[in-house]
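[1] whatever this is, show me its structure:
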Amino acid sequence: MDKSKQKPTGYDKFVNWKLFSIPLALLLIMVFIPTPKSMVDVGVEYSMGPKYVQKFFAEKLFGGTLDDLAQWQILTVRVMEKSVETSSFSMKPFLSRNVAWCLREGIPATETTLKKSQEYIQTSLTPEEFQALMVQGKELRSTTLSMDKLTESEKAAAEKKAFQLKVAVGIVLFVVLCFFTEAIPLPIVAFCTGIIALLSGIVDRHSVAGLYWSDATWFIMGSLMFAAAFVKTGVDRRIAMMMFGKLKNPSVRIVTLVFIVIIAPLTMVMSDHALAAMFLPIGILLYTTASANKEGGDPELAKMLMITICMAANLGGSLAPSGAARNLIMMGYAEDMFGITIGFGQWMIYCVPFLLFFIPLTWIAINWRFKPQTTNLSEGLAIVKEDMARRGDKWTKEQIISVIIFVVTLFTWITESNLMVKILGVRLGIGVFAVMGAIAYILAGVVNWRDYQTRVDWGVVWLYAGAIIFGRILVTTGAAYWIASTIVSYTSLIGLGSGLGLLLSSNIITGIMTQLMADGPACAAVGPVTLAMAGIVHPGTTMVPFMAMATSIASSFAYCLVIGTPPNAIVYASGYLTSKDFLRVGVMLWFTNMAVLLIMAATYWRILGWPGMESF
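    The predicted structure is shown next:
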């Protein structure tokens with residue numbers, strides 16, 4: 001990419017202490033103010049809740065303490081307690097647990113002990129008795145258990161947890177304001193997050209470094225390496241000509257529409273990360289060629305093209321189960337908590353029509369908020385065509401190898417959770433496959449390490465790594481749960497506690513949380529809260545499946561912050577954007593798409609209804 005045409009980024013700036021004093025002061029205030037009672041209650045629930053719920057189940061089922069139980073009995077109690085944590089009360093989910101699930105949740109298990117546990121539950125309790133017992137466990141954890149019922153040592157543990165929750169909320173204020181003000185370089189915000197968490201005891205020195213390097217971080221890194229290979233070999237030029245070369249009027253409006261129309265539906269079957277990485281070099285190419293003869297370039301055009309790519313990549317992922325893990329999370333919650341199975345085809349029937357509204361609204365918002373000087377890209381495309389003519393009409397060896405490696409890697413991304421696991425016998429994750437693809441480019445001689453070193457924005461890699469540890473802090477401290485439950489309590493006071501109001505308030509909770517953490521963890525943290533509210537207020541009605549789908553869709557509205565979703569971070573790596581540029585269109589799309597979600601639920605979904613269920 002042509003660095004000479006880029007607007008200087010935040011990486012070139014020093015700390016603006018006047019602005020930085022605001023987030024810093026808010027963080028310090030949160031650290032030193034007395035811990036609110038609502039946070040203390042959550043601290044008690046998260047620190048002592050598992051222990052007391054396990055003790056309760058041990059007494060009710062086996063008439064003893066945990067120390068007196070056999071291995072299969074301890075397994076029974078722990079699996080039930082973990083199910084209570086996610087409000088999964090029915091017997092069916094318990095009987096469907098397998099060893100892999102237990103190990104993933106940190107519960108030691110074998111096929112023999114798990115089978116014995118499930119046989120005991122099935123023969124000793126009726127489904128109604130099991131569910132009643134689980135509900136009692138939930139009430140104990142979230143309502144009955146309080147600070148005055150704890151021992152001195154337990155009180156100390158609960159107070160520590162409540163303090164960590166308070167600090168986590170302070171970190172939220174610190175991070176969000178740092179992003180808004182850009183008072184310090186954004187990658188440094190990522191490092192500050194880990195250091196604050198370490199100093200406050202949320203994480204320890206043995207785990208803090210590892211928390212930065214998740215599969216998503218590896219994917220961001222590998223994706224940017226792919227983009228570097230595409231730019232060096234000229235694959236981006238060939239793809240750009242295939243997409244736009246035959247347009248009679250390649251105006252900016254038409255080009256942005258083509259981007260959205262192509263990318264948005266693809267996110268239903270492909271990773272949004274992959275699509276953002278694939279189209280980023282094309283957007284950069286269109287800008288650099290179109291502004292090649294303009295002194296100072298056309299920064300507004302660059303921003304418009306980059307924002308178009310990431311916003312389009314955020315549109316369709318929730319509209320088909322194959323589009324994102326968050327969909328499967330919510331489908332699993334609906335099954336576990338209420339025994340409601342949402343089929344693949346069902347999900348698409350209810351959700352795919354949203355694209356008919358999301359695509360034009362996104363296109364209108366982007367073209368309204370960004371006003372580039374360049375309105376037609378024909379000159380830029382002519383430059384690309386001339387460059388390709390000099391290189392020859394045939395694809396070069398390096399270009400062919402680049403595409404082959406990308407296609408193979410794309411296949412592994414799509415089949416990573418099923419076919420690749422069967423072939424390899426172990427699940428690697430899309431991030432590992434991305435890095436493997438980046439290594440393949442080196443081994444094939446397409447790029448060298450200097451290309452990666454100079455063309456990859458390593459600051460963005462660390463920025464998203466910070467987003468991962470930030471999200472984990474919110475989940476493990478209970479801050480995500482506290483924020484969600486607090487919003488629920490306040491929205492109920494203004495009449496948003498039932499019907500469409502409940503659906504709207506739940507969507508708002510999810511839409512806020514997904515700005516701060518990845519969409520999958522946001523669904524994992526907020527989903528049980530929103531679904532539990534649906535089950536309490538409107539039991540046995542269409543509200544429950546509607547809430548599952550709406551929560552997943554709302555989690556894709558991560559339009560406002562760089563850290564909200566990988567596509568945002570990937571296009572930020574272009575160097576043409578500031579964090580405020582996401583807000584220019586993101587805030588508008590957040591409100592318009594939130595309105596579309598509510599209107600579609602009130603009309604289209606209610607007309608369709610749900611098989612065997614009454615309307616809410």
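
[2] in the lengthiest helix in the chain, what's buried?
    In the chain, with assignment by DSSP state H, the single longest helix is helix 152-181. Across helix 152-181, burial judged by 16 or more other C-beta atoms under 10 Å covers 154-155, 157-159, 161-181. For glycine as for every other residue, the C-beta is placed from the backbone atoms N, C-alpha and C.

[3] now do stretch 448-460
    Neighbour counts over stretch 448-460 (16+ other C-beta under 10 Å) mark Asp451, Tyr452, Arg455, Val456, Asp457, Gly459, Val460 as buried.

[4] stretch 231-245 too?
    Buried, per 16+ other C-beta under 10 Å, within stretch 231-245: 231-241, 243-244.

[5] what packs against the host helix or strand of Ile469?
    Under the criterion of DSSP states H and E, Ile469 resides in helix 458-476. For helix 458-476, the packing partners by 3 or more C-beta pairs under 8 Å, 6 or more residues apart in numbering; DSSP states H and E come out as helix 152-181, helix 186-199, helix 208-212, helix 215-233, helix 479-493, helix 499-516, helix 519-537, helix 566-572.

[6] change it to 6 Å
    Packing partners of helix 458-476 (3 or more C-beta pairs under 6 Å, 6 or more residues apart in numbering; DSSP states H and E): helix 186-199, helix 208-212, helix 215-233, helix 519-537, helix 566-572.

[7] so the first one versus helix 152-181, what angle?
    Relative orientation of helix 186-199 and helix 152-181, computed by axes from the mean of the first three to the mean of the last three C-alpha atoms, to 10 degrees: 170 degrees.

[8] contacts for helix 186-199, please.
    The contact list for helix 186-199 (C-beta atoms under 6 Å, 6 or more residues apart in numbering) reads 10, 171, 175, 178, 203, 208, 459, 462-463, 466, 469-470, 473.

[9] which of the buried residues of stretch 231-245 lies closest to Ile342?
    Within these, the smallest distance to Ile342 is 34.8 Å, found for Met243 (C-beta to C-beta).

[10] Met337 against Ser87, yeah?
    Yes. Counting by C-beta atoms under 6 Å, Met337 does reach Ser87; the two are 5.3 Å apart.

[11] which of the helices and strands packed on helix 458-476 is buried the deepest?
    Across the helices and strands packed on helix 458-476, averaging neighbours per residue (mean count of other C-beta atoms under 10 Å) puts helix 566-572 on top, at a mean of 28.

[12] and the next element down the chain from it?
    Next helix or strand after helix 566-572 toward the C-terminus (DSSP H and E): helix 579-600.

[13] what mean pLDDT does that next one get?
    Averaging pLDDT along helix 579-600 yields 94.

[14] buried sites along that helix?
    Within helix 579-600, the residues that count as buried by 16+ other C-beta under 10 Å are 579, 581-586, 588-590, 592-594, 596-598, 600.

[15] what of stretch 248-255?
    Pro250, Val252, Val255.

[16] with stretch 300-309 instead?
    Buried residues in stretch 300-309, counted by 16+ other C-beta under 10 Å: Glu300, Leu301, Ala302, Lys303, Met304, Leu305, Met306, Ile307, Thr308, Ile309.

[17] identify, from the residues you listed, the entry nearest to Ile414.
    When the buried residues of stretch 300-309 are compared against Ile414 (criterion: C-beta to C-beta), the nearest one is Ile309, at 20.0 Å.

[18] I'd say the closest one and Phe279 touch.
    Yes. Assessed by C-beta under 6 Å, Ile309 is found in contact with Phe279 at 4.9 Å.

[19] tell me the angle the helix holding Ile469 makes with helix 499-516.
    If you take the same axes, to 10 degrees, helix 458-476 sits at 130 degrees to helix 499-516.

[20] what does helix 458-476 contact?
    By C-beta under 6 Å, 6+ apart, the surrounding residues in contact with helix 458-476 are 11, 168, 186-187, 190, 193-194, 197, 202, 211-212, 214, 216-217, 220-221, 480, 517-518, 521, 525, 563, 569, 572-573.

[21] need the CA coordinates for it. PDB is fine.
    What follows is helix 458-476, C-alpha atoms only, in PDB (Å, rounded to 0.1, in the frame of the first residue of the first chain):
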ATOM      1  CA  TRP A 458       1.400  -5.000  13.900                       C
ATOM      2  CA  GLY A 459      -0.200  -2.300  16.100                       C
ATOM      3  CA  VAL A 460      -3.600  -3.600  15.000                       C
ATOM      4  CA  VAL A 461      -2.700  -7.100  15.900                       C
ATOM      5  CA  TRP A 462      -1.900  -6.000  19.400                       C
ATOM      6  CA  LEU A 463      -5.000  -3.800  19.400                       C
ATOM      7  CA  TYR A 464      -7.300  -6.800  18.800                       C
ATOM      8  CA  ALA A 465      -5.300  -8.900  21.200                       C
ATOM      9  CA  GLY A 466      -6.200  -6.300  23.800                       C
ATOM     10  CA  ALA A 467      -9.800  -6.600  22.800                       C
ATOM     11  CA  ILE A 468      -9.700 -10.300  23.500                       C
ATOM     12  CA  ILE A 469      -8.300  -9.900  27.100                       C
ATOM     13  CA  PHE A 470     -10.800  -7.000  27.600                       C
ATOM     14  CA  GLY A 471     -13.700  -9.300  26.700                       C
ATOM     15  CA  ARG A 472     -12.400 -12.100  29.000                       C
ATOM     16  CA  ILE A 473     -12.100  -9.700  31.900                       C
ATOM     17  CA  LEU A 474     -15.700  -8.600  31.500                       C
ATOM     18  CA  VAL A 475     -16.900 -12.200  31.500                       C
ATOM     19  CA  THR A 476     -14.700 -13.700  34.300                       C
END
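
[22] now that helix, how far from the chain's geometric center?
    For helix 458-476, the distance from its own C-alpha centre to the chain's C-alpha centre is 11 Å (C-alpha atoms, centre = their mean, to the nearest Å).

[23] no further queries at this time; thank you.
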